[in-house]
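Asks: Below is the sequence, then the predicted model.
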Amino acid sequence: MPSSLSDALTNSSVSLDFLKQDDWITSGKMGSREAVLVFRTNILNPKTRKTLSEKSSAQTLSDPKDIDEETPASCEKTEPEEKTSTSSATCSNEALKEPAQRKIYFLRNNQNCDKSDKSKFLSPFKKLMNQYSSSDTSISSEGEEPARSSNENKSRVLKTNQNAINISIAESSSKESGYESIKPDKSNSNADTSEEDPDPEATSEDDDEIGVNMPAFKLKITYKFHQTETKLLRKLFTVHGLTETQGETNFNLLWTGVHMKLDILRNLAPYQRVNHFPRSYELTRKDRLYKNIERMQHLRGMKHFDIVPQSFVLPLEARDLMVAHNKHRGPWIVKPAASSRGRGIFIVNSPDQIPQDEQVLVSKYIVDPLCIDGHKCDLRVYVLVTSFDPLIIYLYEEGIVRLATVRYDRHADNLWNPCMHLCNYSINKYHSDYIRSSDAQVEDVGHKWTLSALLRHLKYQGCDTHQLMLNIEDLIIKAVLACAQTIISACRMFVPNGNNCFELYGFDILIDNSLKPWLLEINLSPSMGVDSPLDTKVKSCLMADLLTCVGIPAYSPEMRSHYDQKWSRFRSSSCQRQATVPPPSSSQKSSKKSKKKGAAAHVNLLTGEEQRILRNARHQYSRRGGFVRIFPTDDTMQRYGNFLDSANGIPISTPTVQSQTFQTPILQHNYNQMLHFNLYCQDGRLSKDDNTEENRIEQYERALETDSEIPFVKKPAMEKCEEEGRRLRKVMLKKISAGSELTQFQARQTFSLYLESVMRRLTEDPKDSHEKIILKFLNKFGGGVKPPVLFRNMQNLKVASKARSAMVAKLLGDFLENYKRDTESYVDSFDHFGMIPSSAYNQFLMHAQESDLEAVLTLHTNVTGIMPFLYNRCGLSVPPTPPIPSGLHGFLRALPSMVSASGTARELSKYDGYFKSYDKDKIFL
Ligand code: ADP
């Protein structure tokens with residue numbers, strides 16, 4: 001093994017001559033420990049990539065002497081003891097401020113590279129669903145203009161370093177979550193407000209253009225997905241040359257859709273990055289978040305933390321809710337404590353309409369929301385925390401405004417209508433009036449706007465958008481402060497290196513008509529699914545900027561294995577680790593020195609760890625792209641200093657916990673103060689940087705610029721041949737009549753494709769709907785899909801047909817999401833005797849229309865007398881197969897009677913009760 005970093009680099013087998021480091025590496029020269037990868041959206045565009053590749057072949061490849069000539073520091077020196085390198089920060093600034101395609105050097109694709117065929121990792125069911133699904137949307141390169149000249153790009157530099165975008169990302173729609181130290185439970189997969197998307201389509205037409213010429217590929221930088229699959233991210237990684245690893249620990253970047261396992265956290269090497277902090281459910285669980293903020297209201301005063309609607313956790317606080325209700329009448333919005341995407345949410349006028357036996361969060365309903373053209377809207381903003389101690393928070397310059405499809409009306413008669421009162425895309429997309437903006441540059445059309453478009457719109461109307469954004473920044477900082485204490489102590493216990501964790505949170509904010517922002521919830525793993533060019537533009541820029549800002553170290557495999565060895569030595573010699581304190585020795589010596597001088601000492605009096613923090617904060621800031629740092633800024637200590645412990649700078653949210661709780665046996669520090677001092681008031685003078693209030697607000701108001709048109713086309717549905725479908729249907733019906741059966745997997749495949757067709761009809765043509773039948777089926781079947789607004793008696797409520805269809809389609813969509821996930825576990829690995837061969841059956845499924853699917857399901861049920869699409873073949877208490885009427889939609893009509901009613905009757909009577917009282921209670925909000 002190499003004995004030092006310099007040896008590691010010298011001995012590296014990696015050929016670096018392909019590299020023009022300031023294009024794809026920043027913050028330090030290749031081989032230095034600050035060097036990190038750069039991510040840009042322009043290479044997501046296959047055409048741009050091709051152009052660049054052609055250009056590069058005509059140019060001389062970069063001179064090897066461009067590659068790091070500095071001898072990297074010896075490995076004996078620990079990371080924190082390195083001197084602050086301002087030159088690399090400058091270099092990074094330069095690199096990032098250049099137009100993205102200024103000089104990008106590509107080699108021709110290396111034929112020898114082991115391009116992984118990702119489609120082979122897809123289960124047959126997923127493949128089939130991907131081929132089949134016609135509702136899938138994507139962005140294609142059709143009509144894409146080549147990226148513009150570098151001069152034209154300069155405007156973009158002010159904002160982010162992104163430009164042309166062209167990816168093929170399916171809109172996706174499900175989530176999973178879990179907790180560290182809590183076993184992820186499938187049945188309780190909503191345990192957090194994660195919106196993580198298992199992406200239905202993991203491949204695309206240009207997947208072969210893998211970034212084999214990128215530094216990351218040569219350096220064998222790897223990523224690992226865990227309980228998540230986001231096409232946007234996969235694409236970004238792939239084109240930048242990162243490869244996927246299946247290994248448990250040998251990743252450079254771990255991206256999980258759930259909280260981190262403590263074991264993984266404990267063993268992270270300094271170069272490894274993970275996308276969550278431990279215990280961040282303190283922020284992302286609705287009930288935890290509210291409790292943390294409520295504690296701050298008691299401790300610091302309501303006026304400082306009046307940022308969330310008054311809420312109660314039921315059933316525990318049912319009495320308090322009644323008291324509050326008697327004081328200020330409802331309505332109240334009821335949310336399952338741990339769920340997302342509008343699932344299970346409903347609004348009541350009075351607490352006695354709330355079921356008593358479930359854990360729910362009941363919040364004061366804000367009846368006077370900000371409306372755009374009469375439609376209620378809310379905001380999704382993206383917040384990046386790269387460190388909790390010191391606290392470093394960025395807010396992405398662009399966010400998304402979600403509008404409800406139905407015009408807002410305060411009348412209590414309308415409380416049932418989620419398409420009027422809830423702004424979730426996952427609900428409103430099922431409404432037939434939902435409009436998607438079809439042009440990325442048009443940001444104020446349809447039911448999804450950008451934040452900057454909203455700000456410009458409000459400004460035009462004379463609103464004080466400056467103050468609005470300051471209030472939003474304030475709300476974000478306070479929410480993080482309220483939850484930070486627990487997270488910091490978890491980091492100290494479980495995270496070995498200061499840079500290991502980062503987290504992107506999705507903040508949902510409702511603005512009322514006095515322009516006061518209210519925090520509704522914070523999402524773990526905010527959805528990166530896209531359904532429009534606008535979505536794609538915002539989310540691609542966001543993710544590329546996030547990865548660059550966070551910084552994936554550009555270490556060679558040799559350097560990494562050197563670190564691994566070093567860290568395993570350190571780990572084995574250290575029983576109880578002090579997180580954020582890397583291998584001891586001289587950092588401790590200097591800490592003593594700093595103790596004498598105080599935390600706010602000059603740079604050269606800082607401890608090794610403090611120097612690392614400061615250097616890192618500077619580098620990170622220089623790579624921030626479109627991220628706006630909102631903590632620290634020049635006045636954050638003045639504004640929030642009171643909420644921090646005076647000795648150690650930790651945000652204190654419990655009255656009993658004093659600073660000594662956080663005193664480590666090794667050193668007492670105040671990183672927040674140190675950072676603020678060194679960034680903003682060194683030598684006693686307030687240093688000016690460009691992070692001023694004015695600059696920040698200006699940045700939020702500017703449109704996210706891209707310099708090429710972003711075509712968004714609906715991915716063409718798989719060409720289905722009706723005739724072939726009919727022919728194959730005949731073949732299948734013949735086989736079934738002759739005694740062949742469907743396997744459970746085939747039956748479930750058929751059933752989900754059939755329900756998908758039904759769902760599409762509900763959304764596209766509300767008149768031609770079967771809502772009642774579907775509702776009856778879902779109500780009886782249960783399976784975690786509960787009617788959010790209890791609309792069993794909806795027909796009596798004279799609910800508008802479009803909204804009713806949207807609600808039923810949404811429920812069916814939720815059902816299908818779970819159903820498809822479960823179907824994965826039935827995959828056939830071989831053809832069973834007496835069953836229909838899978839290859840022939842897949843052919844049929846590929847071409848089958850709804851009526852073909854229905855015919856097969858009907859005949860199979862009639863002939864076999866079993867319902868493998870609903871019940872296990874040898875399951876207990878399976879109800880008898882009902883007679884299935886012949887003719888169109890006969891199967892659908894019989895569907896509810898295929899489910900036994902046991903176990904659901906109680907639920908339904910509860911909902912009936914709700915509606916009775918609801919009908920009586922016609923009050924105005
Ligand atoms: P979810 O995690 O399921 O999306 P949210 O808390 O974000 O739950 O709420 C969903 C929607 O409900 C929001 O988009 C918002 O429009 C509406 N909403 C939530 N809480 C309130 C409230 N207190 N007052 C008014 N509307 C609310």
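Replies: Structure's in. What do you need? Numbering: from 1, shown residues only.
Asks: which element follows the lowest-mean-pLDDT helix or strand in the chain toward the C-terminus?
Replies: One helix or strand of the chain scores below all others by mean pLDDT, DSSP states H and E: helix 150-157, with a mean of 32. The first helix or strand that comes after helix 150-157 along the chain, using DSSP states H and E, is helix 215-218.
Asks: buried ones in that next one?
Replies: 215-218 (16 or more other CB atoms under 10 Å). In short, each C-beta sits where N, CA and C put it, glycine included.
Asks: Return the member of those nearest to T249.
Replies: A216 (18.9 Å; CB to CB).
Asks: Would you mind pulling the contact partners of the host helix or strand of M732?
Replies: For M732, the host element (DSSP H and E) is helix 722-737. Helix 722-737 is contacted from outside by 742, 836, 840-841, 843-844, 847-849, 852, 855-856, 859-860, 863, using CB atoms under 8 Å, 6 or more residues apart in numbering.
Asks: hmm, which of these are the buried ones?
Replies: 742, 836, 841, 843-844, 847-848, 852, 855-856, 859-860.
Asks: JSON lines for these, including pLDDT, secondary structure and distance to the ligand?
Replies: Below are those laid out as JSON lines (pLDDT from 0 to 100; DSSP: H, G, I helix; E, B strand; the rest coil; distance: CB to the nearest ligand atom, whole Å):
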{"residue": "L742", "pLDDT": "90", "secondary structure": "coil", "distance to the ligand": "36"}
{"residue": "I836", "pLDDT": "83", "secondary structure": "coil", "distance to the ligand": "41"}
{"residue": "Y841", "pLDDT": "91", "secondary structure": "helix", "distance to the ligand": "38"}
{"residue": "Q843", "pLDDT": "90", "secondary structure": "helix", "distance to the ligand": "40"}
{"residue": "F844", "pLDDT": "92", "secondary structure": "helix", "distance to the ligand": "38"}
{"residue": "H847", "pLDDT": "89", "secondary structure": "helix", "distance to the ligand": "38"}
{"residue": "A848", "pLDDT": "91", "secondary structure": "coil", "distance to the ligand": "34"}
{"residue": "D852", "pLDDT": "93", "secondary structure": "helix", "distance to the ligand": "36"}
{"residue": "A855", "pLDDT": "93", "secondary structure": "helix", "distance to the ligand": "38"}
{"residue": "V856", "pLDDT": "93", "secondary structure": "helix", "distance to the ligand": "37"}
{"residue": "L859", "pLDDT": "92", "secondary structure": "helix", "distance to the ligand": "41"}
{"residue": "H860", "pLDDT": "92", "secondary structure": "helix", "distance to the ligand": "38"}
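Asks: where do the strands sit along the stretch 601-750 of the chain?
Replies: Taking DSSP state E, counting those that start in this stretch as the criterion, the stretch 601-750 of the chain carries its strands at 627-631.
Asks: Identify each of the helices in it and give its residue range.
Replies: 608-622, 636-640, 671-680, 693-701, 722-737, 744-764 (DSSP state H, counting those that start in this stretch).
Asks: Please name every helix or strand in contact with the shortest one.
Replies: When you say that, I think you mean helix 636-640. helix 465-494, helix 671-680 (3 or more CB pairs under 8 Å, 6 or more residues apart in numbering; DSSP states H and E).
Asks: pLDDT on the longest one, on average?
Replies: If you average the pLDDT over helix 465-494, you get 95.
Asks: Can you name the residues of the stretch 201-350 of the chain sitting close to the ligand?
Replies: For the stretch 201-350 of the chain, the contact set with the ligand under CB under 6 Å from any ligand atom comprises 309, 333, 335, 339-343, 345.
Asks: Of those, select the buried ones using a PyMOL command.
Replies: Here is the PyMOL command that picks out the buried ones among these, judged by 16+ other CB under 10 Å:
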select buried, resi 309+333+335+339+340+341+342+343+345
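Asks: Cross the residues of the stretch 201-350 of the chain next to the ligand against strands and list the overlap.
Replies: 333, 335 (DSSP state E).
Asks: hang on, the earlier thing: pull the most distant pair out of the contacts of helix 722-737.
Replies: H847 and V863 (22.3 Å).
Asks: near the ligand, which residues of this protein?
Replies: 193, 309, 333, 335, 339-343, 345, 363-366, 378, 422-424, 508, 510, 520-521.
Asks: change it to 5 Å
Replies: By the rule CB under 5 Å from any ligand atom, the part of the chain lying against the ligand is 309, 333, 340, 342, 363, 365-366, 378, 422-424, 508, 520-521.
Asks: I'd like these laid out as TSV, including distance to Y223.
Replies: Output for the residues of the chain next to the ligand, formatted as TSV (distance: CB to CB, whole Å):
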residue	distance to Y223
P309	38
I333	38
S340	24
G342	31
S363	38
Y365	42
I366	40
D378	32
L422	34
C423	32
N424	29
D508	28
L520	31
E521	28
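Asks: neighbours of the closest residue to Y680 other than its chain neighbours, just the number please.
Replies: Leaving out its chain neighbours, the residue that sits closest to Y680 by CB to CB, 6 or more residues apart in numbering is D634, at 4.7 Å. A count of nearby residues for D634, using other CB atoms under 10 Å, gives 17.
Asks: Do you have the strands of the stretch 401-550 of the chain handy? List them.
Replies: 448-450, 503-511, 517-524.
Asks: Export those as TSV, with columns for mean pLDDT.
Replies: Listed next are the strands of the stretch 401-550 of the chain as TSV, based on pLDDT from 0 to 100:
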stretch	mean pLDDT
strand 448-450	90
strand 503-511	97
strand 517-524	94
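Asks: what bridges to the closest residue to R380 other than its chain neighbours?
Replies: Spatial nearest neighbour of R380, chain neighbours left out: I400 (4.6 Å); criterion: CB to CB, 6+ apart. Taking DSSP bridges as the rule, I400 bridges to R380, T450.
Asks: before we move on, what about S311?
Replies: If you apply DSSP bridges, the partners that S311 bridges to are S363.
Asks: so it sits right up against S363, yeah?
Replies: Yes: applying CB atoms under 8 Å, one finds S311 in contact with S363, separated by 4.2 Å.
Asks: who has more neighbours, these two?
Replies: S311 (23 against 20).
Asks: Just the pLDDT for that one.
Replies: 94.
Asks: List the residues that contact it.
Replies: So S311 contacts 290, 294, 361-364 (CB under 8 Å, 6+ apart).
Asks: Which one of the residues you listed is nearest to the ligand?
Replies: Sorting the contacts of S311 by distance to the ligand puts S363 at the head of the list, at 4.2 Å, by CB to the nearest ligand atom.
Asks: The closest one is in contact with A337, isn't it?
Replies: No: the pair S363 / A337 is not scored as a contact, 11.4 Å apart, by CB under 8 Å.
Asks: count of residues packed around G834?
Replies: Other residues close to G834 by other CB under 10 Å number 9.
Asks: So it sits against T743, correct?
Replies: No: with contact defined as CB under 8 Å, G834 does not reach T743; the gap is 9.9 Å.
Asks: Output stretch 241-248 in CSV with nothing but the alpha carbons.
Replies: What follows is stretch 241-248, C-alpha atoms only, in CSV (Å, rounded to 0.1, in the frame of the first residue of the first chain):
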residue,chain,number,x,y,z
GLY,A,241,-18.9,9.0,-14.9
LEU,A,242,-20.0,7.7,-11.5
THR,A,243,-20.7,4.0,-11.4
GLU,A,244,-23.2,2.2,-9.3
THR,A,245,-21.9,-0.2,-6.7
GLN,A,246,-23.9,-2.8,-5.0
GLY,A,247,-21.4,-3.2,-2.2
GLU,A,248,-22.5,-2.5,1.4
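Asks: Great, nothing more from me.
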